[in-house]
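> Fold the following for me, if possible:
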Amino acid sequence: MPLRNAKTPEKRAQLIEVFLGAGTWTYDLITRELTWSDGLYRLVGLDPKAVAASFDLYESLVHPDDRLAHEEIVELAHANQLSSRRFRVIRPDGHLIWLESRFDRQYDRSGRLAILHGVVQDVTNDHKAQIAHNRAAAANASLRKLVGGEFWRADSQGKLLDYTNWMRFTGQTAEQLRDYDRLAAVHPDDRQHFRTTWQGAIEGKYKLDLSVRVRRHDGVFQRFENTAVPLLDNDGEIVEWHGVSKLVEDIPAKPNLQNAVCEVHIRAARAMLGWTAQELAERSGISFSTIRRMEADAHSVKAENVERARETLENHGITFLSEPKDVVTVTFAAKR
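Purely as a prediction, here's the structure:
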């Protein structure tokens, strides 16, 4: 029955209650009289023609753990703390439902709180959804501890289904995330690798292993190791992907000083220590003739000999510092 055909306020109120799955109540704090609308009777599974609303009836329907005594209602109402309340009701047919009640206060002419007017709505589905969400969050927290990374889900084409963690890490907005193909938060040098690797896994329906740098909300790029497996339906088609991303610290590559250190560095380091070529040969275990050839042309001797000479010099206070464009600086700090 359309609302426009409800010609009286009472009929309109009844239709609204049906559409919203709601009901209303009024509680007189002075007389302790409780009245319910037809919608509220319908929610709790009672016939308004068979029973009259009362505080005792209310107590018999509310789950024992959620019941409030009359004195508690009065105290909370006066304390201005109970404007909204969620509680369980056990219907006569045995079904348990969750109701949420919101109310407003009415005062008499002397300013005394006299009547509470409330609206009640069935929130059972919302409550179940919240429980499922809490359980999923707890499961994800457990997974993070077990695997040391963030668990995530993506659709059959590799697009994230839950953006919360991604948005928190990258600082991207929901609008920016809609432009998925740009991969704006992925390092420019990794984007093509990202696309190619994902596409290969999707087409082959095999496990994904992907290392990629992602820009953090403060602009710093950090590397993630990503592993994902496809969830297939009975026809072997990909339904979605389940994956784990682990943050790894990029370790700067150690300078290849073996190739950068040359004859001039060996001579300079030996001079800083006040050693003769013979002393360097004796301390490093390299022949004197090899040291002489090394100091003339480091590339004319075996690389391992250059490395051994370098380590010997470093063990006695010399430091070889690699700078941009393979420039090596030699410094000395006396060993104590």
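
> Provide the contact partners of the helix or strand containing Ala139 at residue level.
Per DSSP states H and E, Ala139 falls inside helix 124-147. Helix 124-147 has contacts (CB atoms under 8 Å, 6 or more residues apart in numbering) with 86, 97-98, 150-151, 244, 246. For the C-beta atoms, the positions are set from N, CA and C on the backbone; glycine is no exception.

> Can you tell me how far Thr290 is from Ser211?
Distance of Thr290 to Ser211, given as CB to CB, to the nearest Å: 42 Å.

> Who are the contact partners of the residue nearest to Gly45 when sequence neighbours are not counted?
Distance criterion CB to CB, 6 or more residues apart in numbering; nearest residue to Gly45, sequence neighbours excluded, is Arg91 at 3.7 Å. Arg91 makes contact with 44-45, 61, 97 under the criterion CB under 8 Å, 6+ apart.

> one step back: as TSV, the contacts of helix 124-147 with secondary structure, neighbour count and distance to Val18 would be great.
Shown next, in TSV, are the contacts of helix 124-147 (DSSP: H, G, I helix; E, B strand; the rest coil; neighbours: other CB atoms under 10 Å; distance: CB to CB, whole Å):
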residue	secondary structure	neighbour count	distance to Val18
Arg86	strand	12	22
Ile97	strand	18	16
Trp98	strand	19	19
Glu150	strand	18	44
Phe151	strand	19	42
Val244	strand	19	47
Lys246	strand	15	52
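
> quick revisit: determine how far the helix holding Ala139 lies from the middle of the whole chain.
With CA atoms, centre = their mean, to the nearest Å as the basis, helix 124-147 stands 12 Å off its chain's centre.

> how about it as PDB, C-alpha atoms only?
C-alpha atoms of helix 124-147 as PDB (Å, rounded to 0.1, in the frame of the first residue of the first chain):
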ATOM      1  CA  THR A 124      20.000  -8.400  14.000                       C
ATOM      2  CA  ASN A 125      21.500  -8.400  10.500                       C
ATOM      3  CA  ASP A 126      23.700  -5.500  11.300                       C
ATOM      4  CA  HIS A 127      24.900  -7.100  14.500                       C
ATOM      5  CA  LYS A 128      25.700 -10.400  12.700                       C
ATOM      6  CA  ALA A 129      27.600  -8.400  10.100                       C
ATOM      7  CA  GLN A 130      29.600  -6.600  12.800                       C
ATOM      8  CA  ILE A 131      30.400  -9.900  14.500                       C
ATOM      9  CA  ALA A 132      31.600 -11.300  11.100                       C
ATOM     10  CA  HIS A 133      33.700  -8.200  10.500                       C
ATOM     11  CA  ASN A 134      35.300  -8.500  14.000                       C
ATOM     12  CA  ARG A 135      36.100 -12.100  13.400                       C
ATOM     13  CA  ALA A 136      37.600 -11.400  10.000                       C
ATOM     14  CA  ALA A 137      39.700  -8.600  11.600                       C
ATOM     15  CA  ALA A 138      40.900 -11.000  14.300                       C
ATOM     16  CA  ALA A 139      41.700 -13.700  11.700                       C
ATOM     17  CA  ASN A 140      43.700 -11.200   9.700                       C
ATOM     18  CA  ALA A 141      45.600 -10.100  12.800                       C
ATOM     19  CA  SER A 142      46.400 -13.800  13.500                       C
ATOM     20  CA  LEU A 143      47.500 -14.200   9.900                       C
ATOM     21  CA  ARG A 144      49.800 -11.200  10.100                       C
ATOM     22  CA  LYS A 145      51.500 -12.800  13.200                       C
ATOM     23  CA  LEU A 146      51.800 -16.200  11.500                       C
ATOM     24  CA  VAL A 147      53.100 -15.100   8.100                       C
END
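
> which of Thr290 and Ser211 has more neighbours?
Thr290 (18 against 14; other CB atoms under 10 Å).

> Now for that one, which secondary structure element holds it?
Under the criterion of DSSP H and E, Thr290 resides in helix 288-296.

> Skipping its backbone neighbours, what lies nearest the residue sitting nearest the centre point of the chain in space?
In the chain, the residue lying closest to the centroid (CA atoms, centre = their mean) is Asn165, at 3.4 Å. Leaving aside its sequence neighbours, Asn165 sits nearest to Glu150 (CB to CB, 6+ apart; 5.4 Å).

> Would you mind measuring from that neighbour to Thr24?
For Glu150, the distance to Thr24 (CB to CB) stands at 46 Å.

> quick one: which of the contacts of Arg91 sit in strands?
Ile97 (DSSP state E).

> how does the chain divide up, domain by domain?
Following automatic domain parsing, one gets these domains for the chain: 3-122, 128-248, 257-332.

> Just give me the neighbour total for Tyr58.
Around Tyr58 there are 19 other residues, counting by other CB under 10 Å.

> hang on, it packs against Leu34?
Yes - using CB atoms under 8 Å, Tyr58 and Leu34 qualify as a contacting pair, with a distance of 6.3 Å.

> Run through the helices of the stretch 101-250 of the chain in chain order.
Ranges of helices in the stretch 101-250 of the chain, per DSSP state H, counting those that start in this stretch, are 124-147, 164-170, 174-178, 191-204.

> Where does pLDDT dip in the protein?
1-13, 69-83, 143-144, 147, 249-260, 321-336 (pLDDT under 70).

> Where do the strands of it begin and end?
Using DSSP E, the strands of the chain run over residues 22-28, 34-36, 84-90, 96-107, 113-122, 150-155, 208-215, 221-232, 238-248, 318-323, 327-332.
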